[in-house]
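> I would like the atomic coordinates for the input below:
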Amino acid sequence: MSTVLRFLFVIPFGFVAACLVAAFALLWPFLEIPPGGVADPVFLFHAAVAFAAQSAQIGSVVLLPFALFALATEIFALSSILLHLAAGLLGGVAVLFGTYGRDVPHMSVQTAILVASLCFALVYWIVAGHRAGRWRRSETRPVPAPTPEG
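Here you go, the predicted model:
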């Protein structure tokens, strides 16, 4: 039963949480808080729309590569945080080159994309990736207890 719950709820929830955190990490450096503070409803509406749009964009761009990566980590029981962070970094570099080609953007944009991809990987690992492949039964048989001689 826990396997079904994992595949139906935990992995998709990890994906959604990772998209939200990556959108926050991508937008935070570029939001300027107005002098009136965050109580300004226009600023809050603008930030909410930008956050929702960025979350949807991240989710739509990384859905297929993420699904393949999650499937591979579940099948082969790869739950290393370093693997998840390396895959996130590779995804960030792929987004940079896929979006901009050889015309690299300003360093602040590059940094924001790479930090967002690392945040995505870290949050997914915290929510669902650290338990990858643990749903399978062990192939090894238990060692029999030694018999007393004498």
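> Quick one: low-confidence residue ranges for this protein.
Scanning the chain for pLDDT under 70 picks out the ranges 1-6, 36-37, 133-142, 150.
> Centre of the chain to stretch 98-115, how far?
Mean-position distance between stretch 98-115 and its chain equals 19 Å (C-alpha atoms, centre = their mean, to the nearest Å).
> Report the buried residues of it.
V109, A112, I113, L114, V115 (16 or more other C-beta atoms under 10 Å). All C-beta spots, glycine's among them, are computed from the backbone N, C-alpha and C.
> swap in stretch 117-137?
Buried residues in stretch 117-137 (16+ other C-beta under 10 Å): 117-125, 127-129, 131-132.
> For those, work out which two are farthest apart.
The most widely separated members of the buried residues of stretch 117-137, counting by C-beta to C-beta, are S117 and R131 (21.7 Å).
> Contact partners for the most centrally placed residue in the chain?
By C-alpha atoms, centre = their mean, the chain has its centre lying nearest to F120, at 3.1 Å. By C-beta atoms under 8 Å, 6 or more residues apart in numbering, the contact set of F120 is A18, C19, V21, A22, I58, V62, G88, G91.
> could you point out which element follows the longest helix along the chain?
Longest helix of the chain, by residue count under DSSP state H: helix 41-75. Once helix 41-75 ends, the next helix or strand along the chain (criterion: DSSP states H and E) is helix 81-100.
> Packing partners of that next one?
When contacts are defined as 3 or more C-beta pairs under 8 Å, 6 or more residues apart in numbering; DSSP states H and E, helix 81-100 packs onto helix 41-75, helix 107-127.
> which strands and helices sit next to the first one?
Read it as helix 41-75. helix 11-27, helix 81-100, helix 107-127.
> if you set the cut-off to 6 Å instead, what comes out?
In this structure, helix 41-75 packs against helix 11-27, with contacts taken as 3 or more C-beta pairs under 6 Å, 6 or more residues apart in numbering; DSSP states H and E.
> And the residue nearest to V104 when sequence neighbours are not counted, how close does it get to I75?
Distance criterion C-beta to C-beta, 6 or more residues apart in numbering; nearest residue to V104, sequence neighbours excluded, is Q110 at 6.5 Å. As judged by C-beta to C-beta, to the nearest Å, Q110 and I75 stand 33 Å apart.
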